[in-house]
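**Q** with the sequence up front, the predicted model follows.
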Amino acid sequence: MIDISKLSQIMGDLDDDTVIQFVEDFMKSNPTPEDADQLMTAAQEGMAIVGDRFERGDYFVGDLIYAGEILADVIDMIRPILSEVSQELNRGKIVLGTVKGDLHDIGKNIFRIMAEAEGFEVHDIGIDQPVEAFVEKVKEIQPDIVGLSGVLTLALDAMRLTVDGLKEAGLRDNLKIIIGGNPVSKDANDQIGSDAFTTNAAHGLNICKEWMEEKNNI
């Protein structure tokens with residue numbers, strides 16, 4: 001079996017040809033959806049390496065964009081595996097979006113793809129979304145979970161305002177809210193008033209699956 005952990009380093013090195021060959025070999029190995037989840041986790045770790053090198057000044061904005069393009073190629077290649085079980089499951093509904101003032105969507109998109117593959121009905125409202133957009137969508141869809149995404153530190157305030165807005169609209173009691181992105185932490189989670197936080201899409205998805213298992217067992 002292919003050593004999936006090796007993907008992190010070659011993605012971090014932006015070695016696109018080797019990444020594509022690696023994933024092609026992975027697809028030939030008759031992987032399971034669980035294997036695909038592990039591959040996605042390794043790919044995210046590779047993106048974290050890219051982020052660290054950017055912060056040190058070793059990589060530039062163009063490198064970040066290029067890394068995102070490589071990641072998109074990886075997702076497209078393994079999408080058939082992620083989709084194998086999606087028709088057999090009906091886990092629940094998620095409203096997902098990047099909060100006001102933040103234009104990043106890579107992490108959000110990874111989470112959406114993985115969640116859909118696991119049988120969630122995901123309503124992605126996009127990037128730079130104000131409180132009102134989340135409130136309106138929650139009223140319309142009546143989801144089980146709301147996912148708030150953001151990469152910038154300023155996103156934390158927008159997340160708090162969004163949670164407050166859902167409370168004021170009388171929508172909070174029946175919702176689980178998860179926040180995701182680089183700046184989130186336990187302290188941020190407590191201050192924002194969300195139910196959970198994650199910096200990893202696969203980990204966040206596991207949290208959502210656990211919530212729905214608990215809800216369906218009641």
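**A** Happy to help now that I have it.

**Q** for stretch 33-49, buried residues please.
**A** For stretch 33-49, the neighbour count (16 or more other C-beta atoms under 10 Å) marks 33, 35-49 as buried. C-betas here are computed from N, CA, C, even on glycine.

**Q** same question, stretch 178-192
**A** Quick answer for stretch 178-192 (16+ other C-beta under 10 Å): Ile178, Ile179, Gly180, Gly181, Pro183, Val184, Ala188, Asn189, Ile192.

**Q** please apply the same query to stretch 18-38.
**A** Buried residues in stretch 18-38 (16+ other C-beta under 10 Å): Val19, Phe22, Val23, Phe26, Met27, Pro31, Pro33, Asp35, Ala36, Asp37, Gln38.

**Q** so what would you say the end-to-end distance of it is?
**A** 18 Å (C-alpha to C-alpha, to the nearest Å).

**Q** measure stretch 107-127 end to end?
**A** Termini of stretch 107-127 sit 11 Å apart (C-alpha to C-alpha).

**Q** give the buried residues for it.
**A** Here stretch 107-127 shows 107-124, 127 as buried, counting by 16+ other C-beta under 10 Å.

**Q** contacts for the longest helix along the chain, please.
**A** Secondary structure of the chain per DSSP state H: the longest helix is helix 33-56. Contact partners of helix 33-56, identified using C-beta atoms under 8 Å, 6 or more residues apart in numbering, comprise 4-12, 14, 23, 26, 29, 31, 59-61, 63-64, 67, 71, 74-75, 78, 81-82, 84-85, 106-107, 110, 114, 117, 182, 200-202.

**Q** ok, back up a step: which ones among the buried residues of stretch 178-192 map onto strands?
**A** Ile178, Ile179, Gly180 (DSSP state E).

**Q** contacts for the helix or strand just after the longest helix of the chain next, please.
**A** Scanning forward in sequence from helix 33-56 by DSSP states H and E, the next helix or strand is helix 61-82. With C-beta under 8 Å, 6+ apart as the test, helix 61-82 has contacts from 11, 14, 16, 19-20, 23-24, 26-27, 31-33, 35-36, 39-40, 43, 46-47, 50-51, 53-54, 106, 109-110, 113-114, 116-117.
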